[in-house]
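S.K.: From the sequence below, what's the structure:
(2 chains)
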Amino acid sequence: MIIYGTAILAACHLLGVYIGDLLGMLIGVKANVGGVGISMMLLIAARTYLHKKGIMPATTLAGVGFWSAMYIPIVIAMASQQNVVAALKGGPVAVVGAILTVVLTVCVIAMINRSGPEDAGATWQASLAADRV
Amino acid sequence: MDMLKQAIMQNNLVAAFAFVGLIIWVSGHLSRRLTNGRVHSSAIAIVIGLILAYWGGVETGGTKGLADIKLFAGIGLMGGAMLRDFAIIATAFDVQVEEVKKAGLIGMLSLMLGIVLPFVVGASVAYAFGYRDAVSMATIGAGAMTYIVGPVTGAAIGASSDVIALSIGVGLIKAILVMVFTPVTARFMRLDNPRSAMVFGGMAGTTSGVAAGLAATDPRLVPYGALTATFYTGLGCLMGPSVLFLATRALFG
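M.R.: Next comes the predicted model:
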């Protein structure tokens, strides 16, 4: 049943966000701490468990796969409802602050990633191809 | 015509599916015809979305871009935090656990660096533009993390409302820049494997920026980036009003 996949996804989502809220409360911040990330780990755990038990039919997979595939359209809808006007109204402080932050962030990411193995990209592509066979 | 409008407004989420499909179709054509496929169609679609958001904001004076226009209200639901998080979590289904384990440490390191670095840059820019009290500097610095950390920090340490608005502005522009320029700088950042995506998520932090940026670079990297980015805002809200504000105050009174 396709709904099983979607239901498992929903359960992981709710539980993860709940734990994230609890975590936020525990360390005293008014924000969710890692809710989505915790949900993701729960989903990975659920997948591994069900796969081992051998109770993960293709239709169940499709119930998660559909939402995973809807990700890009949803992100485009998200972009369409950003408060772009307010962002641009921030004036030079906001623009300069943001540009400098992003430039520096990009450079530091490039630096950290250059410290990793040279052929990491190729290795990953190869492992993906191997999975598909 | 009125009946068509009525039908769209009564089924606004369905209308949003159709509308976003149309944007993606147009983007696909633009990508192939104008750029020979070199610019990813998702990147074009995201830019179109941002332009529409600007238009919606000007047209209505609201805060939710295109979603404030009645005909497009469904965009608000489709692109809202609920479905966005639902879809991000769903992408985790394809995660290779080994890759996450391998990059766990460097991911956490970049998370810490990604919180401190924007704060310092934001606070310095604030100082340069004449905001020289610790509260304003810390609030604008926090805004340079994400547009959520800024106002949370500002409210906690008692910043004025115009400074808080400014901190939201910094965060919003950062998110937009990350959305647009991630695919452009992906090669430079070596953004081509799970480890680098986790570093990217931790450093860039902004969920919307990371989500859209990776989608337009390589959708298979999305879950890895999202995994670290999801801890960013919470950690930022923890460190902004506490350690980072106290450090700013110690340095600048």
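
S.K.: can you list the domain ranges for the chain.
M.R.: Defaulting to chain A. As assigned by automatic domain parsing, chain A contains the domains A:1-82, A:84-133.

S.K.: looking at chain B here, not the other one
M.R.: In the recorded assignment (automatic domain parsing), chain B comprises B:2-79, B:96-252.

S.K.: Quick one: the strands in chain A, in order.
M.R.: Assigned by DSSP state E, chain A shows no strands.

S.K.: Minimum distance to chain B, which residue of it gives it?
M.R.: In chain A, the residue that lies nearest chain B is A:Gly90 (2.4 Å; C-beta to the nearest C-beta). For every residue, glycine as well, the C-beta is placed using N, CA and C.

S.K.: okay, the domains of chain B in a markdown table with distance to chain A and mean pLDDT next?
M.R.: A markdown table is the format used below for the domains of chain B (distance: least, C-beta to the nearest C-beta, whole Å; pLDDT from 0 to 100):
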| stretch | distance to chain A | mean pLDDT |
| --- | --- | --- |
| domain B:2-79 | 3 | 90 |
| domain B:96-252 | 2 | 88 |
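
S.K.: can I assume B:Ile176 is in contact with A:Val85?
M.R.: No. Here B:Ile176 does not reach A:Val85: they are 11.7 Å apart, not a contact under C-beta atoms under 8 Å.

S.K.: Pick out whichever of the two has more residues nearby.
M.R.: Neighbour count, other C-beta atoms under 10 Å in any protein chain shown: between B:Ile176 and A:Val85, B:Ile176 has more, with 26 against 20.

S.K.: Show the contacting residues for that one.
M.R.: By C-beta atoms under 8 Å, 6 or more residues apart in numbering or on different chains, the contact list for B:Ile176 reads A:Gln82, A:Val84, A:Ala87, B:Leu50, B:Gly209.

S.K.: where's it, which helix or strand?
M.R.: Using DSSP states H and E, the element containing B:Ile176 is helix B:161-185.

S.K.: Out of the domains of chain B, which is closest to A:Pro57?
M.R.: Of all those, it is domain B:96-252 that lies closest to A:Pro57, at 21.6 Å by C-beta to C-beta.

S.K.: from the middle of its chain, how far away would that closest one be?
M.R.: When C-alpha coordinates are averaged (C-alpha atoms, centre = their mean, to the nearest Å), domain B:96-252 and its chain have centres 9 Å apart.

S.K.: Quick one: end-to-end distance for that domain.
M.R.: Domain B:96-252 has an end-to-end distance of 46 Å (criterion: C-alpha to C-alpha, to the nearest Å).

S.K.: quick one: the helices in chain A?
M.R.: Remark: helices assigned in chain A by DSSP state H are A:2-26, A:35-53, A:58-69, A:71-80, A:84-89, A:91-115, A:120-132.

S.K.: residue ranges with poor pLDDT in chain A?
M.R.: A:30, A:131-133 (pLDDT under 70).
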